[in-house]
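>>> Sequence unavailable; structure follows:
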């Protein structure tokens, strides 16, 4: 009986020890922290700049004038020369002087420009005068129908710029700008020369202004050179008007 009691007590002790061991093991694993794996530091990729197309910039430079292209010729008159087989358009307000069939003169409408003096104290109205002439020379070999050839026959002017071939309308012309030696420095003729069937056609467009506007105390000497400079700038624009008239010249059958 005693043996059975001791055996039971021993068995109970073993059970208690096993229970304590299991509980301890459980508590150990429950409380044990999983070792943290060090994270690889995240490298920041530098932000790449976004590629941008260069912005289109608008130049501040003034555009070239297109006054010639904007001229309305719907009310222009047409001069027709049956004898020499050509025609040309000209402004309605022009005065036409027909010297003979081989020389036609157009007194084109004046163009007025108001300019203020450099000092700003004086404003003047500057009339730009325009004259257009067509001369016809018969029985003239085409190889001599050039500015050089005509000058040798007595045109009597000197060249400011080299003659060049230009296309105006449907025809090609030899064009040159000269300064009239006799008329004075305030005259600016431009010549356009072409030929057909041994006939030479000389178209002359002359621009000038009233000299007395500058000569009788309208402006002072300090403003004179400035006005001359402004005048030369205006002449460049007015020459486009001459080109436009010449572009209406054509031969007729």
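Good, I have the coordinates. Values in this document were obtained by computation on a predicted structure and should not be read as measured data.
>>> now residue 107, nearest residue through space, not along the chain?
Distances taken as C-beta to C-beta, 6 or more residues apart in numbering put residue 95 closest to residue 107, at 4.1 Å, once the chain neighbours are dropped. Backbone N, C-alpha and C define where each C-beta goes, glycine included.
>>> Surely the one you found and residue 104 touch.
No: with contact defined as C-beta atoms under 8 Å, residue 95 does not count as touching residue 104 (11.7 Å).
>>> between those two, which one's more packed in?
A count of neighbours by other C-beta atoms under 10 Å puts residue 104 above the other of residue 95 and residue 104, at 22 against 10.
>>> so that one is in which element?
Following DSSP states H and E, the helix or strand that holds residue 104 is strand 103-116.
>>> what about the residue nearest to residue 107, distance to residue 250?
Using C-beta to C-beta, to the nearest Å, residue 95 is found at 23 Å from residue 250.
>>> for residue 74, same thing?
If you measure residue 74 against residue 250 using C-beta to C-beta, the figure is 17 Å.
>>> between those two, which one's more packed in?
Neighbours of residue 74 and residue 250, each counted by other C-beta under 10 Å, are more numerous for residue 250; the result is 13 against 4.
>>> Show me where the stretch 101-250 of the chain has its helices.
Counting by DSSP state H, counting those that start in this stretch, the stretch 101-250 of the chain forms helices over residues 147-150, 212-215, 221-246, given from the N-terminal end onward.
>>> could you give me the average pLDDT of the last one?
Per-residue pLDDT values over helix 221-246 give a mean of 75.
>>> Pull the residues that contact the helix or strand following it.
For helix 221-246, the following helix or strand on the C-terminal side (DSSP H and E) is strand 250-251. Residues lying outside strand 250-251 but in contact with it, judged by C-beta atoms under 8 Å, 6 or more residues apart in numbering, are 85-88, 169-171, 196.
>>> could you flag which of these are buried?
Neighbour counting over those (16 or more other C-beta atoms under 10 Å) leaves 86, 88, 171 as the buried ones.
>>> Bridge partners for residue 191, pull those for me.
Assessed by DSSP bridges, residue 191 has beta-bridge partners residue 176, residue 204.
>>> Enumerate every residue touching it.
Counting by C-beta under 8 Å, 6+ apart, residue 191 touches 147, 174-178, 202-204.
>>> so which pair among the residues you listed is furthest apart in space?
In these, two members sit farther apart than any others by C-beta to C-beta. They are 177 and 202, at 14.2 Å.
>>> Can you give me the distance of the spatially closest residue to residue 252 that is not a sequence neighbour to residue 140?
Sequence neighbours aside, residue 85 is the residue nearest to residue 252 in space, at 5.3 Å (criterion: C-beta to C-beta, 6+ apart). Here the distance between residue 85 and residue 140 works out to 15 Å (C-beta to C-beta).
>>> my read: residue 77 touches residue 89, true?
Yes: judged on C-beta under 8 Å, residue 77 makes contact with residue 89 at a distance of 6.9 Å.
>>> Could you say which helix or strand holds the residue nearest to residue 87 when sequence neighbours are not counted?
Here the nearest residue to residue 87 in space, its sequence neighbours aside, is residue 80; by C-beta to C-beta, 6+ apart that works out to 4.2 Å. In this assignment (DSSP H and E), residue 80 forms part of strand 77-81.
>>> quick one: strands adjacent to whichever helix or strand comes after that strand?
The helix or strand immediately downstream of strand 77-81 is strand 86-90, counting by DSSP H and E. Note on strand 86-90: by DSSP bridges, its sheet partners are strand 77-81 (antiparallel), strand 250-251 (antiparallel).
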